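J.: Below is the sequence, then the predicted model.
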Amino acid sequence: MPAPSIGTDGTYGLYPRALPCIGLPKVVVFVISFPDDGSFTVTVPEIEKSFFDNVEQPGVPWFQQDSLRKFYLRSSYGKLDISGDVFPYTAIKNCNEYTNVQELANEVMEHAGAENALNWSEYDVNQDGYIDGVYFVLKNGGIPGYNYHFSSGWPSGTMIRQGKEVARYIYTVQHGSGLIINIVAHETCHMMGLPDVYAGVSVNNGGLWATSIMDKGVITGDLPCIMKCVFGWIEPQRIAKTGSTQVSLASISDNPELVLVHVNADKDSFDWLLVEYVTSSNNNVSLGLWAGPPPLQSGGGLRAWLVKMRPEFFTEKAEFFRPFGDYVAVSPYIFLEAVHMEGVKDYFLYNGDSITPFTTPNTNYPKNIIKESGNAIPDDLTDSGISIENIQIENGEASFIVTISTNNEDGGDENEDETGPFVPPYVHNPNKNPVPFVEILIIGGAVLLTALTSITIITRKRSRG
């Protein structure tokens, strides 16, 4: 997996302008009040604690006793420690006199965030020339038309402080009535460079089918495991050989352990099955309470993910992590979904369970992705050759057997050790006959076929059970 590399001295981000996802970034938080505000139950010091306090009460209820810092310390296994400073600010006008968020943001930066108001150099820890991050935290419900939370930014080169560009900010509301650090954690993931993944957005029309802080509605749980890989928090164990491999995992809720299985034992494929062992601990504590139905069992369970990676993420790294519209990055994956029974969220595998290309649900992957109205819809489900069997969960560890079969002689080498750390696949293997990976776009009734790149796809056609 391409490692975050924008930075220095142990603090790195995915691309310039993004909040670093590894190391010790430092952010600026402006807590904003208005002259016509009423009374609030939450004070500025309490808001500061919800961002940076060293607390250990994750997840319940709604992260109200948690902090942004501790959420990401747990999620990253200690690799990301966000600190910062909080500055109260009272707006010049009443709340309903502002026409948009940018107007308010510009005002705050002209006063509380002025050139000499802060030592701005402290807030570019990775020394990429961009301030690590800025938060505009409103105590009230938001200015008219903007009573929600989002990550945004200024046009390139327009907000400069002491030679550093302030590129990205988070706008979040209703912090005077209750601590909603789960929302802030969600938006912070965007500021680090990854887009939304819930139902109706580009990586899956149906949603993740897994409780996650990156979902919408009931926002709780941890980041999806593929995001942790992209951020450099987990180096997955890779399995890309035919035959059977015995695997043991500690809980991903507590430890950076994950298995990446290449479909049909093709190490050059961008179609992956990720397998994690999840327990209701740390950021996933809520899974044992209201996930499902039913909730996650007390000893935890296995969860599998179907992931179709975007080839450019590996082959054009220097250009891939670039800001789109000045602050939004492209997703590293084309499709992302937790394996699940139809209509069942948070589907886990337990002792004695198994999942194969022929079970319901199964391990089969979408050969093609149809893009319709910006959404990803899986199409032409194809035999992955992957089976997960002999699952045993006890004493905080999950063991199971991964078996990969393929009817293609080049699909894998039974004598080759392909179970080590992940090595990025290459786009074209001259010893194979590549076929174009096709992204299908349906626009206004017209069908456009766009070949992203040439990669090898090895398949055995099967129906999905």
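T.: It's in. Numbering: from 1, shown residues only.
J.: and Leu273, what are its bridge partners?
T.: With DSSP bridges applied, Leu273 shows beta-bridge pairing to Val261, Leu306.
J.: nope, Gly84 is what I meant
T.: Judged by DSSP bridges, the bridge partners of Gly84 are Val27.
J.: What separation do you get for it and His175?
T.: Gly84 sits 15 Å away from His175, taking Cβ to Cβ, to the nearest Å as the criterion. C-beta coordinates here come from the backbone N, C-alpha and C atoms, glycine included.
J.: Check Ile22 too.
T.: Applying Cβ to Cβ to Ile22 and His175 gives a distance of 27 Å.
J.: now Phe358
T.: Distance of Phe358 to His175, computed by Cβ to Cβ: 50 Å.
J.: Compare these two (neighbour count), which wins?
T.: His175 (23 against 14; other Cβ atoms under 10 Å).
J.: Settle this for me: the more buried one is touching Val42, isn't it.
T.: Yes - taking contacts as Cβ atoms under 8 Å, His175 lies within contact range of Val42: 6.2 Å.
J.: Mutual contacts of the two, please.
T.: With contacts taken as Cβ atoms under 8 Å, 6 or more residues apart in numbering, His175 and Val42 have Lys139 as neighbours in common.
J.: Next up, the contacts around the residue lying closest to Lys139 once chain neighbours are set aside.
T.: Excluding its sequence neighbours, the residue lying closest to Lys139 (Cβ to Cβ, 6 or more residues apart in numbering) is Gly176, at 3.1 Å. By Cβ under 8 Å, 6+ apart, the contact set of Gly176 is Asp37, Phe40, Thr41, Val42, Leu138, Lys139, Asn140.
J.: Distance of Gly176 relative to Val42?
T.: 5 Å.
J.: now Ser33
T.: Counting by Cβ to Cβ, the gap from Ser33 to Val42 is 12 Å.
J.: what's the answer for Lys371, then?
T.: Applying Cβ to Cβ, the value for Lys371 to Val42 is 42 Å.
J.: still on that earlier bit, format the contacts of Gly176 as JSON lines; extra columns: neighbour count, distance to Ile401 and pLDDT.
T.: JSON lines is the format used below for those (neighbours: other Cβ atoms under 10 Å; distance: Cβ to Cβ, whole Å; pLDDT from 0 to 100):
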{"residue": "Asp37", "neighbour count": "16", "distance to Ile401": "60", "pLDDT": "94"}
{"residue": "Phe40", "neighbour count": "17", "distance to Ile401": "56", "pLDDT": "93"}
{"residue": "Thr41", "neighbour count": "9", "distance to Ile401": "53", "pLDDT": "92"}
{"residue": "Val42", "neighbour count": "18", "distance to Ile401": "51", "pLDDT": "92"}
{"residue": "Leu138", "neighbour count": "26", "distance to Ile401": "52", "pLDDT": "97"}
{"residue": "Lys139", "neighbour count": "23", "distance to Ile401": "54", "pLDDT": "95"}
{"residue": "Asn140", "neighbour count": "19", "distance to Ile401": "55", "pLDDT": "95"}
